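[1] coordinates for the following, if possible.
(3 chains)
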Amino acid sequence: MSAPVFIAGIGTISAIGKNVAESMDAFRNGKAGMEAMRYLDSVHKNQLPVAEVKCSNEELAALAGLPAHISRTALLSAIAAKEALKDAAIDQLSSLKVGFISANTVGGMDKTENFFRSFLADNKKGKLKNVVHHECGSITELVADKLGVKHFISTISTACSSSANAIFFGARMIKQQMLDVAIAGGADALTKFTLNGFNTLMILDSEYCRPFDESRKGLNLGEGAAYVVLVSERIAKQLAKKPYCTLSGYCNANDAYHQTASSPDGIGSFLAMEGAMKMAGLQPSDIDYINLHGTGTQNNDIAEGTAIKRLFAPVYPKMSSTKSFTGHTLGASGSIEAVFSAMSIQQGIIYPNLRFQNQMKELPFTPQTTYIDNITVKHVLSNSFGFGGNCSSLLFSKI
Amino acid sequence: MFIRSTGVISAQHSFGNVPFLENPVEYNTNRLTCIEPDYKDIIDPKMIRRMSRIIRMGVAAAIGCLREGNTDVPDAIVTGTAYGCLQDTDVFLSKMVEQNEELLTPTAFIQSTHNTIGAQIGLMLKSNRYNNAFVHRGFSFESAMLDGMLLLMENAAGNVLVGAIDELTDHSFAILERFGLYKKNPVTNTALYSTNTRGSIAGEGSAFFLLAKEHTAGDYAKLDGMHTFYKPASIVESEEQVKLFLESHSIDINDIDLIITGRNGDTTHDAVYNQLNRGIFNGITTAGYKHLCGEYPTAVSFALWLAANCIKQNVIPSSLHSTSNTGKDIKRVLVYNHYQDIHHSLLLLSAC
Amino acid sequence: MSDLKKQIIEQLNLQDIKPEDIGDDQPLFVDGLGLDSIDALELIVLLQQHYKIKLSNAEDGPKVFKSVRTIAEYITAHQNQVA
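    Presented below is the predicted three-dimensional model:
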């Protein structure tokens, strides 16, 4: 039951890079991915900065090996999943029980938006090819078919914690020997639907976001995808390359406070972090780095910070929100941050929390503001919290 | 593991304390709509004002299931939905298009997220425990079931509330009709399997189950196992999967007292069931169910409710139109369902 | 103020509540009508839609939306400004 699950491969694409190497360069150079909107066609173009992947759909399609007319989410997903699978370099994959477990929050909404314009005027109109992949699961299938994965596929959607849940669902299936290999993570492209949705909640910052800063005003939306290739111990031993780390703990809890807002004491976040550490048999003092959910909204950062205070006081590990680079990539954020966590352990990196200036008055700690490398990072906790109170924490450990 | 209780809202009288399909509702249409209960004594009026139809149906079925299972708060809540909260999505999307992204309000957006129903149940029960939502088309319910079964196997939970919810809206019906999913003309639902035409009848539903690790008197049935397979290359492969599934549970097809298949009246989709009926299923009592609830991606959850009830009440209701009804005991039921010939699943239940 | 009450009931889908059920000074949030932060956001759009008043800072919400009277006062004050 407690057999470890290893991370054998990683892949990611976001506003800070089309792959893991480019993303790491961006961290080293302190280069954030937010800019004025270029690819998404919205009336809010000049008011709301976003963290877009700097490629047109045609460019992404070429990288993905898929047609350009399908959802951008599927294109991003395929690019990151292919990178992760190639990175893992597992021999004779076809002889193994392989699963693809992906996450997203709005499926092919970027295409449905176009369809709806014509459809609302006349319900016999609108190109069906724009709505055929509307379902979240359909995005997963486009990519699973491209990867040739058939044994097991599934899709999770729990708002902003979606891909963290996908990763640990994959790990659980490996532990029960239902799978040998799980390609798990998530993807979300920017859409007008989500942009306008978050805008109605008045939690989008018109400037670049400032997570865990007293002056924070909200989040910047981003887009991207990331996957980890999880393998059982048996497969890990056969690999030519040493795995990045283990997934040593995970926990899913619910805040059960409000539909969108986090509770003032961050009970869901607290339980998720505590549960992940308990599973790994670790104490708060064992944690070297927390990759914060850190969206930059008033509400999230105080709830998450309060939960951290309760759990870690008086000694705090280094922590930062990499959303200060990638923006909030919603369903993809848990897996993007899992990839960064794996690199943190393997390379001994702590990522900076950009644009931090003023300590939050309620919290006795501040996030890491400079890039650090070549240190020993043994245990990394990564938080992902979402609407509906869904809180998940993942714990990664050095092998 | 066991099915302790159920809560089902469907196009039939299935919710609350009603006799098991004794008064089936007949329809002449290509679109079945759920018979909704009075929500007043199920959902707090302060919460209900924001809830769209699917959220009400989901929350009510979940609460009904927990009440029947005498459980205040389950150890985990897992939902499955292919389309999610379509009405809320539709409202927000339409306004966004019509108002050109101006003057939009948050309620519909917030409730359009696919985890809304599971989250609302958690919120109503003030439960900080495990909460997850699967959204994989015709595997949405099966994925949720798998999560629930894993939690029980891991000893992470003693009981899990697992449910499936999908709604039809005028817009989704119009779109899916254009994809050719439904029959062109209204049909009498009881004659669904003999039309010899393409397309099925549209359906929707909300079905929740309390899965429990330990057996308790009053349980519906024992859940022996579940298996899914994706895009089989041929009917031969599907038949092979059925055989392997039975073998993995060390049983012979002749040990099955009733097979509930997912035939939907579409000649192409029903070909696999027809061939299996002539092959491996030959001689076993079989019955369809989609004439009762319509076709939708999580319809298999209705079949699970049927199977559990057939076992608990030791009866095959006449409205199922089974191939034979010998009156012998219903001790073991196999459900074989596929959606669009993409998502195939097998469920095995036995008396406990 | 009764028009405003009607608009509030409609915007927030307050079932089984009539305009006369809402007192002019009755608290709208938490203990009063039981509204929450999502309703506050809905009310912001209401002001924009019906009165062309833009409440740009969500943090002003609790003060403005305390009761029907405070909303009405806010509307009067800001409509005059525009005129």
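[2] what about the lowest-mean-pLDDT helix or strand in chain B, near chain A?
    Within chain B, confidence by mean pLDDT, DSSP states H and E is lowest for helix B:45-48 among all helices and strands, at a mean of 84. No: residues of helix B:45-48 are not located near chain A by Cβ under 8 Å from any Cβ of the partner chain, the shortest gap being 9.7 Å. Bear in mind the C-beta positions are built from the backbone N, C-alpha and C, glycine included.
[3] so C:Lys63 makes contact with C:Thr70?
    Yes: between C:Lys63 and C:Thr70 there is a contact at 7.3 Å, judged by Cβ atoms under 8 Å.
[4] more crowded one of those two?
    Under the criterion of other Cβ atoms under 10 Å in any protein chain shown, the comparison of C:Lys63 against C:Thr70 puts C:Thr70 first, with 17 against 9.
[5] tell me the contacts of that one?
    C:Thr70 makes contact with C:Lys63, C:Val64, according to Cβ atoms under 8 Å, 6 or more residues apart in numbering or on different chains.
[6] could you pull out the strands for the stretch 51-200 of chain B?
    B:76-80, B:130-134, B:159-166, B:187-188 (DSSP state E, counting those that start in this stretch).
[7] between those, which gets nearest to chain C?
    Between chain C and these, the shortest separation by Cβ to the nearest Cβ is 19.8 Å, and it involves strand B:130-134.
[8] any idea how far the closest one is from the chain center?
    When distances are taken as Cα atoms, centre = their mean, to the nearest Å, strand B:130-134 is centred 17 Å away from the chain's centroid.
[9] likewise for stretch A:3-23?
    Counting by Cα atoms, centre = their mean, stretch A:3-23 is centred 10 Å from the centre of its parent chain.
[10] out of the strands of the stretch 51-200 of chain B, nearest to B:Ile256?
    strand B:159-166 (23.3 Å; Cβ to Cβ).
[11] rewinding a little: which one of the strands of the stretch 51-200 of chain B lies closest to A:Ala313?
    Proximity to A:Ala313 (Cβ to Cβ) singles out strand B:130-134 among the strands of the stretch 51-200 of chain B, at 26.7 Å.
[12] mind giving me the packing neighbours of that closest one?
    Counting contacts by 3 or more Cβ pairs under 8 Å, 6 or more residues apart in numbering or on different chains; DSSP states H and E, strand B:130-134 is packed against strand A:152-156, strand A:245-254, strand A:390-397, strand B:76-80, helix B:116-125, helix B:140-153.
[13] which residues in chain B form helices?
    Using DSSP state H, the helices found in chain B span residues B:45-48, B:53-68, B:86-98, B:106-111, B:116-125, B:140-153, B:170-178, B:235-248, B:267-278, B:290-293, B:300-313.
[14] ah, wrong one, I meant chain C
    Ranges of helices within chain C are C:2-12, C:37-51, C:61-64, C:68-82, based on DSSP H.
[15] okay if I get the helices of chain B as TSV plus distance to C:Met1?
    TSV is the format used below for those (distance: least, Cβ to Cβ, whole Å):
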stretch	distance to C:Met1
helix B:45-48	23
helix B:53-68	32
helix B:86-98	27
helix B:106-111	24
helix B:116-125	33
helix B:140-153	48
helix B:170-178	37
helix B:235-248	67
helix B:267-278	59
helix B:290-293	49
helix B:300-313	49
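[16] worst average pLDDT in these?
    Mean pLDDT per stretch puts helix B:45-48 lowest among the helices of chain B, at a mean of 84.
[17] next, the residues that contact that helix from outside, please.
    Identification of contacts with helix B:45-48 by Cβ under 8 Å, 6+ apart yields B:Tyr39, B:Arg56, B:Gln120, B:Met124, C:Gln15, C:Asp16, C:Gly34.
[18] near chain B, which residues of chain C show up?
    Close to chain B, as judged by Cβ under 8 Å from any Cβ, chain C has residues C:11-16, C:34, C:38, C:41-42, C:45, C:48-49.
[19] which two from those end up farthest apart in space?
    Using Cβ to Cβ, the two most remote members of the residues of chain C next to chain B are C:Asp16 and C:Gln48, lying 27.1 Å apart.
[20] about what we covered before: can you add mean neighbour count and give the helices of chain B back as a markdown table?
    Formatted as a markdown table, these follow (neighbours: other Cβ atoms under 10 Å in any protein chain shown):
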| stretch | mean neighbour count |
| --- | --- |
| helix B:45-48 | 15 |
| helix B:53-68 | 24 |
| helix B:86-98 | 21 |
| helix B:106-111 | 25 |
| helix B:116-125 | 26 |
| helix B:140-153 | 26 |
| helix B:170-178 | 17 |
| helix B:235-248 | 16 |
| helix B:267-278 | 17 |
| helix B:290-293 | 28 |
| helix B:300-313 | 26 |
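[21] excluding its backbone neighbours, what's nearest whatever residue of chain A ends up closest to chain B?
    Closest residue of chain A to chain B, Cβ to the nearest Cβ: A:Gly388 (2.8 Å). Closest residue to A:Gly388 apart from its sequence neighbours, by Cβ to Cβ, 6 or more residues apart in numbering or on different chains: B:Ala119 at 2.8 Å.
[22] list the residues that contact that neighbour.
    Going by Cβ under 8 Å, 6+ apart, B:Ala119 touches A:Asn254, A:Gln259, A:Phe387, A:Gly388, A:Gly389, A:Asn390, B:Thr113, B:Asn131.
[23] where does A:Thr200 fall, phi/psi-wise?
    phi -70, psi -30 (degrees, to the nearest 10).
[24] and A:Ser95, how many neighbours?
    A:Ser95 is flanked by 8 other residues according to other Cβ under 10 Å.
[25] my bad, A:Pro4
    By other Cβ under 10 Å, 18 other residues sit near A:Pro4.
[26] cool, and B:Met1?
    Neighbour number of B:Met1 under other Cβ under 10 Å is 20.
[27] quick check: residues of chain C near chain A?
    By the rule Cβ under 8 Å from any Cβ, the part of chain C lying against chain A is C:Asp36, C:Ser37, C:Ile38, C:Leu41, C:Ile44, C:Val45, C:Ala58.
[28] looking at the residues you listed, which is nearest B:Tyr339?
    C:Ile38 (34.8 Å).
[29] now that closest one: how far from B:Glu167?
    22 Å (Cβ to Cβ, to the nearest Å).
[30] likewise for A:Val131?
    Taking Cβ to Cβ as the measure, A:Val131 falls 17 Å from B:Glu167.
[31] my read: A:Lys127 touches A:Phe115, true?
    Yes: counting by Cβ under 8 Å, A:Lys127 touches A:Phe115, with 6.5 Å between them.
[32] who has more neighbours out of these two?
    Legend: neighbour count by other Cβ under 10 Å for A:Lys127 and A:Phe115, higher for A:Phe115 (21 against 13).
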